[in-house]
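Asks: pasting the sequence and the predicted model now:
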Amino acid sequence: MMTYTLATRMKAFQSSIFSELGAYKKEKIAAGHNMIDLSIGNPDMPPADFVRETMVHTASEKESYGYTLSGIQEFHEAVTEYYNNTHNVLLNADKEVLLLMGSQDGLVHLPMVYANPGDIILVPDPGYTAYETGIQMAGATSYYMPLKKESDFLPDLGVIPEEIADQAKMMILNFPGNPVPVMAHEDFFKEVIAFAKKHNIIVVHDFAYAEFYFDGNKPISFLSVHGAKEVGVEINSLSKSYSLAGSRIGYMIGNEEIVRALTQFKSNTDYGVFLPIQKAASAALRNGAAFCEKNRDIYQERRDTLVDGFRTFGWNVDKPAGSMFVWAEIPQGWTSLDFAYALMDRANVVVTPGHAFGPHGEGFVRIALVQDKEVLQQVVENIRNSGIFTLEKLNELVKN
């Protein structure tokens, strides 16, 4: 039998922790366990009725099946209107907006546009796994910016060595974050802009959770800060905010030169997003404010159900300010991987171990708020009754 050697770049596509967890979950289900999966941020609620109706209507029109290339004008204008109304950011629909097949399209491909093999890209640690994939595909090198609890999970730009900063081509940020669900403030973004100007670095802000915020604490757009357009772009998505994850639609906005460069790249790799999806997304951006508000209320109730429930048996987890995740510090004595498997074995609950998102994710697990309140109440009871948090178990771990 013939054998084939994989390209070196395939090292960027190793089996993920999600695949491993999924395989073990299947084993547990086959053994008769009722598993509750909170490992992946897959929205469990459908899009708004008017969004689905727009998609169905447009799909029924026979002229809707051609290539759409870089995106229809209606979608570009809907993006600019949304940003103007929601974030007080003015955009040129023709030059500062690019249609994407979901935010991951831009996050993975942009390093290939600007980074040569060996170039440095600054990334949050822990951070969304797609960042590392894009960097490895470009042959670039990641420099990890630790997100630590004692610094409010914001990267400390002051500790980045001068020689690293001078070599860096790009900095990727994500607020509200995944997996760390915290907000950035205006002063931090001002610091980022000054840093980027000093070292000639492109800033890429992943804003996929722009509409996921709690307690009325609305996140700010990076582009709303003076000078941001000079140094970078913002990548946004309709996957989470409008429950269109499977539709694969998002956009990149901001610096005209960067938008033009990725447009050139994508003109050689794909032919756009299905027209009915663009029409539905345009409707969502223009008329989806009430839907987003309702979603926020639901997710905030879920957050409170889970976190308040955990606290009743001693798991004192911080309440996230935004995104659709809880970033939960685990008891001492566990690794994040062992803790995740213990939850599957003893509580029938699937979460993601923090180490999967970077070295500084160790000591945490990520929990997605993607089940109904009643299911999350069951999660609390399952973990309470698992024995993991009993004093005897903790003492046993300390002794061992």
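Replies: Looks like it arrived, so ask away. Small disclaimer: the values here were computed from a predicted structure and weren't measured.
Asks: how many neighbours does residue 266 have?
Replies: If you count neighbours by other C-beta atoms under 10 Å, residue 266 ends up with 22. In short, each C-beta sits where N, CA and C put it, glycine included.
Asks: separation between it and residue 370?
Replies: 30 Å (C-beta to C-beta, to the nearest Å).
Asks: next: residue 25.
Replies: 14 Å.
Asks: how about the residue nearest to residue 225 when sequence neighbours are not counted, secondary structure?
Replies: Of all residues not flanking residue 225 in the chain, residue 189 sits nearest, at 4.4 Å (C-beta to C-beta, 6 or more residues apart in numbering). Reduced to three states with DSSP: H, G, I helix; E, B strand; the rest coil, the structure at residue 189 is helix.
Asks: let me see the contact set for residue 189.
Replies: Shown in contact with residue 189 (C-beta atoms under 8 Å, 6 or more residues apart in numbering): 220, 222, 225, 228.
Asks: wait, what's in contact with the closest residue in space to residue 37 that isn't next to it in sequence?
Replies: Distances taken as C-beta to C-beta, 6+ apart place residue 350 nearest to residue 37, at 4.4 Å, with adjacent residues excluded. With contact set as C-beta under 8 Å, 6+ apart, residue 350 has these partners: 21, 25, 35, 36, 37, 38, 39, 340, 343, 344.
Asks: so the fourth one bridges to which residues?
Replies: Following DSSP bridges, residue 36 is listed with bridge partners residue 349.
Asks: same question for residue 125.
Replies: residue 146.
Asks: that one: neighbour count?
Replies: For residue 125, using other C-beta under 10 Å, the count is 21.
Asks: for residue 78, see how far away it is.
Replies: Counting by C-beta to C-beta, the separation of residue 125 from residue 78 is 35 Å.
Asks: list the buried residues in stretch 61-73.
Replies: Neighbour-count burial for stretch 61-73, counted by 16 or more other C-beta atoms under 10 Å, picks out 64, 68, 70, 71, 72.
Asks: and the end-to-end length of it?
Replies: In stretch 61-73, first residue to last residue: 18 Å (C-alpha to C-alpha, to the nearest Å).
Asks: neighbouring contacts of it?
Replies: Contacts for stretch 61-73 (C-beta under 8 Å, 6+ apart): 58, 93, 97-99, 251, 263, 266-267, 271-276, 278-279, 282.
Asks: try it again at 7 Å.
Replies: For stretch 61-73, contacts defined as C-beta atoms under 7 Å, 6 or more residues apart in numbering pick out 58, 98, 99, 263, 271, 272, 273, 275, 276, 278.
Asks: what's the answer for stretch 78-85, then?
Replies: With C-beta under 7 Å, 6+ apart as the criterion, stretch 78-85 contacts 89, 90, 91, 93, 97, 251, 253, 282, 285, 286.
Asks: one more time with 6 Å, if that's ok
Replies: Contacting residues not belonging to stretch 78-85 are listed as 89, 91, 93, 97, 251, 282, 285, 286 [C-beta atoms under 6 Å, 6 or more residues apart in numbering].
Asks: re the thing from before, now, the contacts of residue 189 that are in helices?
Replies: residue 228 (DSSP state H).
Asks: show me the helices in the stretch 201-350 of the chain, by range?
Replies: With DSSP state H, counting those that start in this stretch, the ranges of helices along the stretch 201-350 of the chain come out as 228-231, 256-266, 275-287, 289-311, 336-347.
Asks: what's the most buried one of those?
Replies: helix 275-287 (a mean of 23; mean count of other C-beta atoms under 10 Å).
Asks: please state the offset of that one from the chain centre?
Replies: Centroid separation between helix 275-287 and its chain, computed with C-alpha atoms, centre = their mean, to the nearest Å, is 21 Å.
Asks: CA atoms of it as PDB?
Replies: Output in PDB follows, covering the C-alpha atoms of helix 275-287 (Å, rounded to 0.1, in the frame of the first residue of the first chain):
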ATOM      1  CA  LEU A 275     -26.900  35.600  -1.100                       C
ATOM      2  CA  PRO A 276     -29.800  34.600   1.100                       C
ATOM      3  CA  ILE A 277     -27.400  34.500   4.100                       C
ATOM      4  CA  GLN A 278     -26.200  38.000   3.300                       C
ATOM      5  CA  LYS A 279     -29.700  39.300   3.000                       C
ATOM      6  CA  ALA A 280     -30.700  37.700   6.300                       C
ATOM      7  CA  ALA A 281     -27.600  39.000   8.000                       C
ATOM      8  CA  SER A 282     -28.400  42.500   6.700                       C
ATOM      9  CA  ALA A 283     -31.800  42.300   8.200                       C
ATOM     10  CA  ALA A 284     -30.400  41.100  11.500                       C
ATOM     11  CA  LEU A 285     -27.900  44.000  11.700                       C
ATOM     12  CA  ARG A 286     -30.600  46.600  10.900                       C
ATOM     13  CA  ASN A 287     -33.500  45.200  13.000                       C
END
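Asks: what residues does it touch?
Replies: 51, 54-55, 58-59, 64, 68, 72, 74-75, 78, 82, 238, 242, 247, 249.
Asks: relative to residue 15, which of the contacts of stretch 78-85 is nearest.
Replies: Nearest to residue 15 among those is residue 251, at 30.7 Å by C-beta to C-beta.
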